[in-house]
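> Just the structure for this:
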Amino acid sequence: MTDTTLSSNDTFLRDHRSPWLLLAHLPGLGERRWQAILDHLPDPSELLTLDPASLRTIGLPPLARAAVLAWQQGDPEHPAMQDALACWQRLEAHTIDVIHWAQSDYPAALRQIHGAPPVLYLKGRRDLLSRPQIAIVGSRNATRSGLDHARQFARALAERGVVVTSGMALGIDGAAHQGALEAGGSTLAVLGTGVDVAYPAAHRRLAAAIPERGALLSEFPPGTRARAGHFPRRNRIISGMAQGTLVVEAGLRSGSLITARLALEQGREIFAIPGSIHNPLARGCHQLIRQGATLVESVQDIEEQLAAWGSAAAEPLPVDEEPDVPAHLGADARTVFGALAFDPCSTDDLCDRTGLSADVLLQAILMLEMEGLVLTVPGGYQRA
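Have a look, this model is predicted:
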């Protein structure tokens with residue numbers, strides 16, 4: 001082993017991100033095992049301090065236990081340690097951020113879903129993770145009308161300060177990202193690859209443009225190539241990050257319906273744009289509407305549904321307690337506005353001050369932003 005390699009190993013081990021990179025590279029851990037770990041350990045990094053018997057008790061498989069032992073012994077030759085080191089080197093080379101479970105800006109909405117990833121990789125604006133988001137998804141083989149709808153709805157939402165979230169696939173996803181950027185707004189692309197891998201190749205320019213005003217996000221380490229099984233996993237993050245998911249066009253077997261189902265399981269709102277009965281890509285949307293999704297004709301339909309959903313979660317407060325907040329915004333918006341001052345306040349602090357869940361809180365903030373009463377600033381939110 002050369003002096004340069006030793007120096008690189010030492011620097012890696014001293015980096016505060018290194019324990020989390022090793023956790024992300026533990027072999028044999030899927031969503032279910034990670035959820036079991038999170039159920040036992042509020043801070044997953046404690047896993048690296050447990051003895052072998054405790055690791056067996058919480059169900060860690062043998063290969064993962066061996067990797068934890070290598071970490072405890074400082075063995076840089078173990079494959080998991082080598083993978084984590086290579087990931088760290090790629091982060092440094094490509095200026096990629098790590099967001100892990102123990103950090104205060106880990107997305108509050110995502111933290112509440114089942115099987116949330118303990119580590120995320122991001123290229124672009126980290127502050128967007130705490131902003132109100134609407135997901136826009138749909139067919140990869142969309143019609144011209146569907147692409148226009150996706151672009152127009154994304155533009156309208158972005159102009160209102162909403163982050164447009166999608167998966168950067170061909171078709172509806174790409175049109176949604178483009179619409180948000182055309183409006184001068186922000187968009188979040190959740191990837192089924194590493195954030196340094198442009199996929200599909202047709203979206204290479206889009207992938208390069210998004211980090212300037214938005215962000216690329218993935219649970220997969222840098223350098224990870226596209227694999228079929230990655231995209232269903234990606235979908236739960238798209239729906240989990242957003243307050244609601246808008247399905248523009250989808251066939252009856254579309255992956256977008258999987259995203260909508262995940263959104264429903266996560267307690268999020270589902271919106272669908274109806275289409276012609278002769279268009280097979282409208283059938284998935286029609287099925288969602290029959291099952292209770294909100295039929296959407298304009299962006300106002302989304303605003304109204306989110307306002308009603310957010311205000312139904314708490315008892316009304318007397319209107320005169322916060323006379324600056326329009327009554328139609330509801331009790332939660334008044335509660336949030338009353339908890340804000342003219343100094344930045346983080347999402348976590350607002351949850352503590354108001355007693356609201358992250359989902360309800362972010363929807364209330366969305367309504368207040370649309371009224372021009374609240375600003376998104378570095379560090380969180382403040383009164384306008």
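
> List phi and psi for Ala189.
phi -100, psi 120 (degrees, to the nearest 10).

> and it, how many residues sit next to it?
28 (other C-beta atoms under 10 Å). Placement of C-beta: from N, CA and C, glycine included.

> Quick check: it touching Arg213?
No: with contact defined as C-beta atoms under 8 Å, Ala189 does not count as touching Arg213 (11.7 Å).

> ok, now which ones touch Leu26?
60, 64, 67-68, 80 (C-beta atoms under 8 Å, 6 or more residues apart in numbering).

> The same query, at a cut-off of 10 Å, please.
Leu26 is in contact with 33-34, 37, 47-48, 60-61, 63-68, 71, 80, 83-84, counting by C-beta atoms under 10 Å, 6 or more residues apart in numbering.

> List only buried entries from those.
33-34, 37, 47-48, 60, 64-68, 71, 80, 83-84 (16 or more other C-beta atoms under 10 Å).

> Go through the residues you listed and name the one nearest Phe231.
If you rank the buried ones among the contacts of Leu26 by distance to Phe231 using C-beta to C-beta, Trp34 comes first, at 18.6 Å.

> ok but the closest one is inside a strand, no?
No: using DSSP: H, G, I helix; E, B strand; the rest coil, the assignment for Trp34 is helix, not a strand.

> residues in contact with it?
By C-beta under 10 Å, 6+ apart, the neighbours of Trp34 are 23-24, 26, 44, 101, 115-119.

> Now render those as a markdown table, adding distance to Arg144 and pLDDT.
Below are the contacts of Trp34 laid out as a markdown table (distance: C-beta to C-beta, whole Å; pLDDT from 0 to 100):
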| residue | distance to Arg144 | pLDDT |
| --- | --- | --- |
| Leu23 | 45 | 93 |
| Ala24 | 41 | 92 |
| Leu26 | 46 | 93 |
| Pro44 | 46 | 87 |
| Trp101 | 43 | 92 |
| Gly115 | 37 | 85 |
| Ala116 | 37 | 90 |
| Pro117 | 36 | 92 |
| Pro118 | 41 | 91 |
| Val119 | 39 | 95 |
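
> Can you pick out the most distant pair from those?
So, the contacts of Trp34 by C-beta to C-beta: farthest apart are Leu26 and Ala116, at 16.1 Å.

> mind checking how far the most centrally placed residue in the chain is from Leu129?
In the chain, the C-alpha closest to the average C-alpha coordinate belongs to Met241, at a distance of 3.5 Å (C-alpha atoms, centre = their mean). Applying C-beta to C-beta, to the nearest Å, one obtains 8 Å for the distance of Met241 from Leu129.

> shared neighbours of the two, anything?
Common contact partners of Met241 and Leu129 (C-beta under 10 Å, 6+ apart): 107, 109-110, 163, 188, 217.

> Let's see which of those end up in strands.
Residues of those located in strands (DSSP state E): 163, 188, 217.

> For those, pick the one with the most neighbours.
Leu188 (30 neighbours).

> so that one touches Arg131, yeah?
Yes: Leu188 lies in contact with Arg131 (C-beta atoms under 10 Å); the separation is 8.6 Å.

> Now tabulate the ones in strands among the shared contacts of Met241 and Leu129 in a markdown table and tack on distance to Ala169.
Formatted as a markdown table, these follow (distance: C-beta to C-beta, whole Å):
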| residue | distance to Ala169 |
| --- | --- |
| Val163 | 18 |
| Leu188 | 14 |
| Leu217 | 15 |
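
> List just the nearest of those to Leu91.
Distances from Leu91 to these, taken by C-beta to C-beta, are shortest for Leu217, at 14.1 Å.

> For the closest one, list the residues it contacts.
Per C-beta under 10 Å, 6+ apart, neighbours of Leu217: 97, 99, 107, 110, 120-124, 126, 128-129, 165, 188-191, 195, 234, 237-238, 241.

> Lovely, talk soon.
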